[in-house]
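[1] Quick one, fold the following:
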Amino acid sequence: TIRRSKNKPSNSTSPLSDIKIGVIDYGMGNQQSLINAIEHLGATTLLSDQWEELNRCDLLMLPGVGAFPEGIRKLHQRNLFEPIIEWGKAGKPLIGICLGMQMFFEKGEEFEPTEGLGLFQGTVKKMNPCDGLDRSTLPLPHMGWNQLISKREEDEIFNGIDQYFVHSYSAKDVDQSVIMHSSRYGNETIVASIQTKKTCGFQFHPERSGENGLSLLQTTIQQLLNK
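    Sure thing, here's the model as predicted:
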């Protein structure tokens, strides 16, 4: 069992100063950069794998770096898989980042077919940005800065900003109505962010994307909480 006590926010004057955000700890990736970003925005954080603790938070975040099957396996191991689904379907605020967003979809094809959380329609498949292009110039993983392209009028505030990506798989066959932003890598269009009701996902890392990323993260949190 991995548990952490909540940390004090660094910005008590922030509109998020009375908000408690739970970071779901299932043993995948480095959560500290996300915790630092949340606390910089003024919210209180709780890093935990104990659902009775996470369930008392105002908003939950599912981060992650690594392979889809291993992420799902660890969620099951820590009895977090079904509670996350129930939280999302209940319309409670939930944000997934990188692998966390990918696991929101119905299934993944990384190494082996794996059932996802099913909060969004779609399948996570290996990227193919080099279709007809020189592969030497477009390596996988897709790593580094890339520009967001707004897909919906209400999301244009962040159109054109750069965010930091690290991934080799991306979501396909996604309902177009839930896509907030896309990005281009070679000949491939990437689903960069999604939202339905109170569940939102980022394929990129806003917590590692400087002031623009922090601004996007804060705006999203406030929207999900209707603050």
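
[2] Helices of this protein, start to end?
    For the chain, the helices defined by DSSP state H cover 32-40, 51-54, 68-77, 81-89, 99-102, 210-225.

[3] next one: the second one to chain centre, how far?
    Using CA atoms, centre = their mean, to the nearest Å, the mean C-alpha position of helix 51-54 is found 20 Å from that of the whole chain.

[4] Start and end of stretch 124-140, how far apart?
    15 Å (CA to CA, to the nearest Å).

[5] actually stretch 38-51, not the one I typed
    Start-to-end span of stretch 38-51 (CA to CA) is 20 Å.

[6] any idea of the mean pLDDT in it?
    Across stretch 38-51, the average pLDDT comes to 96.

[7] ok so, going back, figure out which of the helices of the chain is closest to Arg152.
    Arg152 lies closest, by CB to CB, to one member of these: helix 210-225, at 12.7 Å. C-beta here means a position set from N, CA and C on the backbone, and glycine is covered the same way.

[8] Show me what the closest one packs onto, helices and strands only.
    Judged by 3 or more CB pairs under 8 Å, 6 or more residues apart in numbering; DSSP states H and E, the packing partners of helix 210-225 are helix 32-40, strand 59-62, strand 94-97, strand 162-167, strand 199-202.

[9] Any chance of these in JSON lines with mean neighbour count as columns?
    Below are the helices and strands packed on helix 210-225 laid out as JSON lines (neighbours: other CB atoms under 10 Å):
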{"stretch": "helix 32-40", "mean neighbour count": "18"}
{"stretch": "strand 59-62", "mean neighbour count": "24"}
{"stretch": "strand 94-97", "mean neighbour count": "26"}
{"stretch": "strand 162-167", "mean neighbour count": "19"}
{"stretch": "strand 199-202", "mean neighbour count": "26"}
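
[10] Any chance of a markdown table for these, columns distance to Ile21?
    Output for the helices and strands packed on helix 210-225, formatted as a markdown table (distance: least, CB to CB, whole Å):
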| stretch | distance to Ile21 |
| --- | --- |
| helix 32-40 | 5 |
| strand 59-62 | 5 |
| strand 94-97 | 9 |
| strand 162-167 | 20 |
| strand 199-202 | 13 |
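
[11] quick one on the thing from earlier: what's the closest of the helices of the chain to Glu156?
    Across these, closest to Glu156 is helix 210-225 (CB to CB), at 12.3 Å.

[12] And that closest one, what's buried?
    Within helix 210-225, the residues that qualify as buried are Gly213, Leu214, Ser215, Leu216, Leu217, Gln218, Thr220, Ile221, Leu224, Leu225, counting by 16 or more other CB atoms under 10 Å.
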